[in-house]
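A.B. asks: mind looking at a prediction? Sequence and model below.
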Amino acid sequence: MSNINEMNVGPRWYVAHTYSGYENKIKTSLEKVIENRGLGDRIFDIRIPVETVIEKKGDTEKVVEVKLFPSYVYIKMVMNDETWHAVRNIGGVTGFVGPGSRPTPLSDEEVRAIGLEETGAPEAEQARIALAFAVGDGVKVISGLFEGYNGTVQAISEDNTMVTVLVKRGRRDMPVELEASCLVPENA
């Protein structure tokens, strides 16, 4: 690779494409390369954006981190031949995002949308609950006023805590807003 963006004025965010499941290994390897080659003044940050979700199966809850962009590692760096080779030669990296072999930095808008430039300690985020059902699925109410009733999911709140269900009551379907923890898939 010759003459990569030496005109780069300061560090920018670049995206390295990796084999699936290798993201954390690549981050660790790159941190070692930075330390061994003294590249800390040109490669500043390495991120693998994740989201914390709560997976519910019956009565058990499990908190897990899910990669928002599997097979991608975000690197804030000054792009030049040396830094390009340092990243590109790590096992598991298949290349940079961009046309051909020319890495393209993320725009400021993309950086903000992904949340790479968050400053300070992030506020405590509530984990999103992973539900075993989706809009249109049949569910059974397992607690509360409508316990024992079946219905169809009409809407789910953004944080997955509240669900609007069309409950079958006699001959009528009645929309009811219930906590997600009160519901299980109809076939469960």
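C.D. replies: Done, it's in. Numbers count the residues shown, from 1 in each chain.

A.B. asks: quick check: domain ranges of this protein?
C.D. replies: 12-114, 132-185 (automatic domain parsing).

A.B. asks: quick one: average pLDDT of the first one?
C.D. replies: Averaged over domain 12-114, pLDDT sits at 90.

A.B. asks: tell me where this structure has strands.
C.D. replies: Taking DSSP state E, the strands of the chain run over residues 12-18, 43-47, 50-57, 60-67, 72-77, 93-96, 128-130, 138-141, 150-156, 162-169, 172-179, 183-185.

A.B. asks: what would these look like in TSV with distance to Val111 and mean neighbour count?
C.D. replies: (Glycine included, C-beta is placed from N, CA and C.) Shown next, in TSV, are those (distance: least, Cβ to Cβ, whole Å; neighbours: other Cβ atoms under 10 Å):
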stretch	distance to Val111	mean neighbour count
strand 12-18	5	21
strand 43-47	10	17
strand 50-57	17	14
strand 60-67	18	11
strand 72-77	9	22
strand 93-96	16	16
strand 128-130	22	16
strand 138-141	39	20
strand 150-156	29	17
strand 162-169	32	18
strand 172-179	36	14
strand 183-185	38	19
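
A.B. asks: possible to save those strands as a markdown table with distance to Ser29?
C.D. replies: As requested, the strands of the chain are exported to a markdown table (distance: least, Cβ to Cβ, whole Å):
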| stretch | distance to Ser29 |
| --- | --- |
| strand 12-18 | 11 |
| strand 43-47 | 10 |
| strand 50-57 | 19 |
| strand 60-67 | 17 |
| strand 72-77 | 10 |
| strand 93-96 | 9 |
| strand 128-130 | 30 |
| strand 138-141 | 45 |
| strand 150-156 | 39 |
| strand 162-169 | 43 |
| strand 172-179 | 44 |
| strand 183-185 | 41 |
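
A.B. asks: relative to His85, which of the ones you listed is closest?
C.D. replies: Among those, strand 93-96 comes nearest to His85, with 10.9 Å by Cβ to Cβ.

A.B. asks: identify the residues contacting the closest one?
C.D. replies: Residues outside strand 93-96 that contact it (Cβ atoms under 8 Å, 6 or more residues apart in numbering) are 14-19, 26, 73, 84, 87-88, 101, 103-104.
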